[in-house]
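Undergrad: no FASTA, just this:
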């Protein structure tokens, strides 16, 4: 098969579409014929050599994919060859085939094309596990997500809104405002012109910036607020005002999905299937697809992602 | 009645035993005739003018007391005049009488004297709410408490041990080691000679130091670890390594008991009565009393507390 190979860490040009060995389903795994994969920020980090795949995962980038099951490993139950699925991956989605632990499979939701389903697993699992399972966002609470136009942002806005929260997002530039409002954002803040700490306070903040926003995020938290940091685009080390945190009886969580053990990923996928899939099948929450490129053009897809000009997910068609 | 009055914020000498107005039970409150109160670090902060009582609380120091109910306000059920109780207070324990919201009352546990019970409410509610309700310490997990000889420390060691955790504490000086081991500590670290980050990692850390320990506490956390900061003796602002926290999928909580709304205090007290009181009545967990002084000698009690020479609670007898 062919896959996107990173022979030498670097810029988007490091991504090469090359012939590699076919994957084989190990015990508890299936092999998918990939219809599409989707691009995530973490893929760019892996491309640059900063984010190695977890042990046991394929070496190629791609944290999610959709397609059809073509082989079942020993002990896999509940799935059949031919099933149309999407999957959360430890890596390897940028390929014609990929092996996946069966616990990370989800059926393609009714009403969503197999291709579009490629853009769901990573953002849905990330938002669900961090905003709801960890951050415990509740009806009537106030929620802030940074980067409202990103894949994470577009899904977080919709899911928080569907759960009865008041939703605010930040965006870089006014052109994304309309789309974020359409998805359900009650308030859209252009971080180039406005200071998000003047709005709020927020019960839950989902943050991909890290150090650069730490002080302001803590300032913007409500009493008993939960800041969940899932990205470090603005650096790792920042000053924390424990006094402010203590007065608010608040918490700073930092976490990532990829490094979690298989059983935790399976538990998240199960909870997503139970809690989020019905919202997608009812149409309350939709995959937001910016564009679809051929997988051989992964480098171009990375350039677009890194320009932040997109809204929603950039897919790679196999 | 008489109470300890802070006419002017300052050192221990600011605490004066003066005639003041008698308290009156408001709706949902009772009045206690105080047998004893106990000294907490927060009392010293209040004495210095840094920690005002929450709205509605008496202005005198004292976050806990024991005694007998002498009056019931409107709407109080489940308690009778003459009941021997101890209570979590928003303030006012350093007095001959104190009014208390009924939700903050606990019966004097069987096997404990009314006087000794004065040393239980604040430390038990603090440790239970932070280490168990918030930090979710589980059987077999590893627990670190800083200041093993303090009131909080002596209670945290016992409660964590009673719940099947592996318990480590730090102390300042070898003379406290034996007592902490006797209470159940598996490992006692003298912070003057040893670096606690070389031990561990810890699933839950209960911290009273704040900024000065933040980096080392994060370093010492286990995967999915929870750091709970309840004091800022070492400053409020410190550098947080979000990268380290993210890799560990860990959390930093900061909280305080005194500022919580009445219904949260009542929920904590109820959970303590259900979960901790049986351990005290069975003898598995005991109040640790360093010494008892007359209430008029509150200044001397504060000097002893601030020297950190004590182990466990310093009580004030009314």
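TA: Ah, there it is. Being a predicted model, the structure only gives us computed values, none of them experimental.

Undergrad: Touching, residue A:220 and residue A:200? I think so.
TA: Yes. Counting by Cβ atoms under 8 Å, residue A:220 touches residue A:200, with 4.3 Å between them. C-beta: built from backbone N, CA, C; applies to glycine.

Undergrad: overlap in contacts of these two?
TA: Common neighbours of residue A:220 and residue A:200, using Cβ atoms under 8 Å, 6 or more residues apart in numbering or on different chains, are residue A:144.

Undergrad: Would you mind naming what in chain A lies close to chain B?
TA: Within chain A, the positions lying close to chain B (Cβ under 8 Å from any Cβ of the partner chain) are A:210-211, A:214, A:229-230, A:232, A:236-256, A:259-260.

Undergrad: shaky segments in the stretch 51-200 of chain A?
TA: Along the stretch 51-200 of chain A, the model assigns pLDDT under 70 to no residue.

Undergrad: and the residue of it nearest chain B?
TA: Closest approach between the stretch 51-200 of chain A and chain B, counting by Cβ to the nearest Cβ: residue A:134, at 8.5 Å.

Undergrad: Just give the number of residues close to residue A:33.
TA: Residue A:33: 15 surrounding residues under other Cβ atoms under 10 Å in any protein chain shown.

Undergrad: That one: what's it in contact with?
TA: Listed by Cβ under 8 Å, 6+ apart, the contact set of residue A:33 reads A:67-68, A:70, A:96-97, A:318.

Undergrad: so the nearest residue to residue A:257 once chain neighbours are set aside, which of the three states?
TA: Nearest non-adjacent residue to residue A:257, counting by Cβ to Cβ, 6 or more residues apart in numbering or on different chains: residue A:126, 5.4 Å away. When classified by DSSP: H, G, I helix; E, B strand; the rest coil, residue A:126 comes out as helix.

Undergrad: Is residue A:126 in contact with residue A:153, as I believe?
TA: No. Residue A:126 lies out of contact with residue A:153 (Cβ under 8 Å); the separation is 11.0 Å.

Undergrad: re earlier: from the contacts of residue A:33, list the buried ones, please.
TA: Among the contacts of residue A:33, those classed as buried by 16 or more other Cβ atoms under 10 Å in any protein chain shown are A:67-68, A:96-97, A:318.

Undergrad: could the residues you listed go into TSV alongside secondary structure?
TA: Shown next, in TSV, are the buried ones among the contacts of residue A:33 (three-state DSSP):
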residue	secondary structure
A:67	strand
A:68	strand
A:96	coil
A:97	strand
A:318	coil
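
Undergrad: Looking at the residues you listed, which is nearest residue A:11?
TA: residue A:318 (23.0 Å; Cβ to Cβ).

Undergrad: Tell me what the residue lying closest to the closest one once chain neighbours are set aside is bridged to.
TA: Among residues not flanking residue A:318 along the chain, residue A:34 sits closest, at 4.3 Å (Cβ to Cβ, 6+ apart). Residue A:34 has the following beta-bridge partners by DSSP bridges: residue A:67.

Undergrad: so how many other residues sit close to residue A:34?
TA: 27.

Undergrad: before we move on, what about residue A:115?
TA: Other residues lying near residue A:115 total 20 when counted by other Cβ under 10 Å.

Undergrad: what does residue A:154 give?
TA: Using other Cβ under 10 Å: residue A:154 sits among 34 other residues.

Undergrad: hang on, isn't it packed against residue A:145?
TA: No. Using Cβ under 8 Å, residue A:154 makes no contact with residue A:145, being 9.3 Å away.

Undergrad: hey, where'd the helices end up in chain A?
TA: In chain order, chain A shows helices spanning A:41-47, A:114-117, A:121-127, A:151-162, A:177-183, A:211-220, A:242-248, A:262-275, A:277-281, A:298-307, with DSSP state H as the criterion.

Undergrad: Take the ones you listed and lay them out in JSON lines including distance to residue B:56.
TA: Formatted as JSON lines, these follow (distance: least, Cβ to Cβ, whole Å):
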{"stretch": "helix A:41-47", "distance to residue B:56": "49"}
{"stretch": "helix A:114-117", "distance to residue B:56": "55"}
{"stretch": "helix A:121-127", "distance to residue B:56": "40"}
{"stretch": "helix A:151-162", "distance to residue B:56": "35"}
{"stretch": "helix A:177-183", "distance to residue B:56": "42"}
{"stretch": "helix A:211-220", "distance to residue B:56": "27"}
{"stretch": "helix A:242-248", "distance to residue B:56": "18"}
{"stretch": "helix A:262-275", "distance to residue B:56": "40"}
{"stretch": "helix A:277-281", "distance to residue B:56": "43"}
{"stretch": "helix A:298-307", "distance to residue B:56": "54"}
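
Undergrad: so which of those helices gets nearest residue B:79?
TA: Across these, closest to residue B:79 is helix A:242-248 (Cβ to Cβ), at 32.1 Å.

Undergrad: Quick one: distance of that closest one to the chain centre.
TA: With Cα atoms, centre = their mean, to the nearest Å as the basis, helix A:242-248 stands 30 Å off its chain's centre.

Undergrad: Over to stretch A:221-237?
TA: 16 Å.

Undergrad: average pLDDT for that stretch?
TA: For stretch A:221-237, mean pLDDT is 96.

Undergrad: Pull out the buried residues from that stretch.
TA: Buried residues in stretch A:221-237, defined by neighbour count with 16+ other Cβ under 10 Å: A:221-222, A:225-232, A:234, A:236-237.

Undergrad: and the end-to-end length of it?
TA: Taking Cα to Cα, to the nearest Å as the measure, stretch A:221-237 stretches 19 Å from start to finish.

Undergrad: ok now do the residue nearest in space to the middle of chain A, which residues does it touch?
TA: The residue lying closest to the centre of chain A (Cα atoms, centre = their mean) is residue A:123, at 2.8 Å. Contact partners of residue A:123, counting by Cβ under 8 Å, 6+ apart, are A:151-152, A:154-155, A:313.
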